[in-house]
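1. I'll drop the sequence and a predicted model, then ask my questions.
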Amino acid sequence: LAGNDSDDYFLTNVTLFSENLLENLEVSASVYNLFDKEYSHPGGEEHIQDTIEQDGRTFRFKLTYRF
C-alpha cells in the first residue's frame, strides 16, 4: 500500500501421529512454525497496516476416540 515489501519466509511444521494407541484411540501432537520465525503477510486496502504480523510458534494436541 505504501510501497513496502514483505520478506520471503520458510516455515517448518512437525506432527507426530499414533493410530490405535489404545483400541479406537488416535493421538497427535503438532508444532507449527517450529523455529518461531517472525513473518508477515501483505495487507490489502481494507487494512491499516502494510503487513499483517502472523503468529509465532504454536502447539496442538489432539485426541480422537471412535466408537
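-> Arrived safely, thanks for sending.

2. every contact and neighbour count from this point should use C-alpha atoms.
-> OK.

3. what about the protein, any weak spots by pLDDT?
-> 1 (pLDDT under 70).

4. try 90
-> Within the chain, the segments meeting pLDDT under 90 span 1-9, 19-24, 41-52, 66-67.

5. what sits against the one residue sitting closest to the centre of it?
-> Note on the chain: the residue nearest the mean C-alpha position is Tyr32, at 4.1 Å, using CA atoms, centre = their mean. Taking CA atoms under 8 Å, 6 or more residues apart in numbering, we find Tyr32 in contact with Thr12, Asn13, Val14, Arg57, Thr58, Phe59.

6. same check, this time on Tyr39
-> Counted by CA under 8 Å, 6+ apart, Tyr39 has contacts Asp7, Tyr9, Glu53, Gln54.

7. report the buried residues of stretch 40-52.
-> Ser40, Asp50, Thr51 (16 or more other CA atoms under 10 Å).

8. of those, which belong to helices?
-> Among those, no residue falls in helices (DSSP state H).

9. between those, which is nearest Arg66?
-> Ser40 (38.4 Å; CA to CA).
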